[in-house]
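Visitor: Just the structure for this:
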Amino acid sequence: MQTGNGLTMAQRRAEARDEESIESCIAEGYSGALIACPDFVLSTLALSVNQLVERAISPLGLSVRAYRLLRMLLVDGRQRQSAIGAALGIDRTTVVALVDELEAPGAVKRERDPHDRRSYDIVLTAKGKRLALNAIGRVSAAEATMFGPLSEQEKQDLQSLATRLLAERGPIADRAREEYAAPRSRRAATS
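Guide: The predicted model follows:
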């Protein structure tokens with residue numbers, strides 16, 4: 001059903017909810033000029049989400065990077081050490097330290113790449129799998145709380161829109177490809 005100005009009732013409710021959210025942010029001390037900037041809102045949101053994930057997994061002795069590497073290994077399987085940095089957005093030296101951090105307690109192990117004896121693959125151990133599953137459970141619970149103000153459809157929409165920005169040609173997707181997809185395609189070519 002459309003209202004007098006051509007908007008549906010659902011669209012008008014969404015607009016009113018958006019206006020209330022903006023007013024609430026301003027009342028909390030955010031600058032109205034910054035709340036109007038998607039870059040500010042998204043970067044502030046990303047920082048807060050990262051901090052909340054960090055808090056959820058800290059009892060396990062994991063950093064966010066370690067959690068992401070464990071999750072990647074659990075879901076995607078063994079990873080070439082040289083490709084991990086691009087996937088996580090970290091340099092080679094940091095990758096070595098991260099793998100060392102997870103190898104010490106026995107969560108991961110280095111194995112020679114069967115196709116290139118000069119390279120190492122990082123492999124999840126049974127202990128690492130248990131740790132990854134525990135961390136995923138904690139992060140999932142934190143995400144449920146973080147995104148609690150959103151309906152299930154809004155959560156799906158948020159995920160869909162963010163994924164689309166990573167997938168479709170444009171500055172965000174192109175930047176992500178530079179950092180992530182190129183090393184993965186090189187790995188696939190050598191496998």
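Visitor: Tell me which stretches of this structure form strands.
Guide: 79-80, 108-113, 116-124 (DSSP state E).
Visitor: would a markdown table of the ones you listed with mean pLDDT and distance to E54 be doable?
Guide: Glycine gets a C-beta too; all of them are placed from N, C-alpha and C. Formatted as a markdown table, the strands of the chain follow (pLDDT from 0 to 100; distance: least, CB to CB, whole Å):
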| stretch | mean pLDDT | distance to E54 |
| --- | --- | --- |
| strand 79-80 | 92 | 22 |
| strand 108-113 | 93 | 20 |
| strand 116-124 | 90 | 21 |
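Visitor: Could you single out the most deeply buried of those strands?
Guide: Burial of the strands of the chain is given as mean neighbour count (mean count of other CB atoms under 10 Å); strand 79-80 ranks first at a mean of 21.
Visitor: In terms of secondary structure, what does that one contact?
Guide: helix 64-76, strand 116-124 (3 or more CB pairs under 8 Å, 6 or more residues apart in numbering; DSSP states H and E).
Visitor: least trustworthy helix or strand in this structure by mean pLDDT?
Guide: helix 182-190 (a mean of 47; mean pLDDT, DSSP states H and E).
Visitor: can you tell me which residues contact the residue nearest the centre of the chain?
Guide: Computing the C-alpha centroid of the chain and ranking residues by CA atoms, centre = their mean puts R68 first, at 7.8 Å. R68 makes contacts with L88, as judged by CB atoms under 8 Å, 6 or more residues apart in numbering.
Visitor: Any idea how many residues pack against S160?
Guide: S160: 10 surrounding residues under other CB atoms under 10 Å.
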